[in-house]
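# sequence and predicted structure below; questions after.
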Amino acid sequence: MIRAILTACCLLLSALTYAGEAPKALVISDVWMRASLGQVPTTTAYFKIENRGSADDKLLSVSTPAAAMAHVHNSATTNGVMTMAAVPALSIKPGQTVELSPGGLHIMVMNLKAPLKAGETVPLTLKFERAGEIVVQAEVRGLGKP
């Protein structure tokens, strides 16, 4: 009887330990921003979002204490003309990795409170529909370094 109780306790403890170490559904990596150009009050931020979970999620908004506004945008070239438009929400399906990179999806960071210099780090708060808020640190890179 005591052996059965001890076995049950060990199984429960290992299940609780495993639940606490379960991987997060969303993995954010390669987070960086471009250094600002002089007094120009805008820049861009980039990263990868990998959905390791079993449900869709959506990036709903982005914020940073370094600027008044930040929005997901998409750049596209059609008939030789580059356009940029805001993206209201960015869907990430299970098993999918969405990459925000120069020339495509990116975070437009507007009304910077101070110029950003290469080597600094800037926090970004990513708000997801399911995962909630995830805070990441963006490395500020020089203008010519992707």
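Nice, thanks for sending it over.
# when you work out contacts or count neighbours from here on, use the C-alpha atoms and nothing else.
Noted.
# just the pLDDT at Thr17, thanks.
Per-residue confidence (pLDDT) for Thr17: 36.
# hang on, I meant Cys9
For Cys9, the pLDDT comes out at 41.
# who are the packing partners of whichever strand or helix holds Ile107?
In this structure, Ile107 sits in strand 105-112 according to DSSP states H and E. Applying 3 or more Cα pairs under 8 Å, 6 or more residues apart in numbering; DSSP states H and E, one finds that strand 105-112 makes contact with strand 42-51, strand 67-78, strand 97-100.
# could you say which of these is packed most deeply?
Per residue and on average, the most neighbours among the helices and strands packed on strand 105-112 fall to strand 42-51, with a mean of 20 (mean count of other Cα atoms under 10 Å).
# what's in contact with that one?
Contact partners of strand 42-51, identified using Cα atoms under 8 Å, 6 or more residues apart in numbering, comprise 25-36, 57, 92-102, 106-112, 138.
# give me the three-state assignment for Trp88.
Careful, residue 88 is Pro; it's not Trp. Here Pro88 takes the coil state, with states given by DSSP: H, G, I helix; E, B strand; the rest coil.
# picking up where we left off before, tell me which of the helices and strands packed on strand 105-112 lies nearest to Gly132.
In terms of Cα to Cα, the element of the helices and strands packed on strand 105-112 nearest to Gly132 is strand 42-51, at 13.6 Å.
# within the sheet, what are the partner strands of the closest one, with directions?
Sheet pairing of strand 42-51 (DSSP bridges) gives strand 26-34 (antiparallel), strand 97-100 (antiparallel), strand 105-112 (antiparallel).
# just how off-centre is it within its chain?
6 Å (Cα atoms, centre = their mean, to the nearest Å).
# shift numbering so it begins at 732
That works, and once the first residue is 732, the last one we named lands at strand 773-782.
# for Leu874, phi and psi?
phi -60, psi -30 (degrees, to the nearest 10).
# and it, what does it touch?
Listed by Cα under 8 Å, 6+ apart, the contact partners of Leu874 are Arg765, Ala766, Ser767, Leu768.
# list buried residues within the residues you listed.
Among these, the ones that count as buried by 16 or more other Cα atoms under 10 Å are Arg765, Ala766, Ser767.
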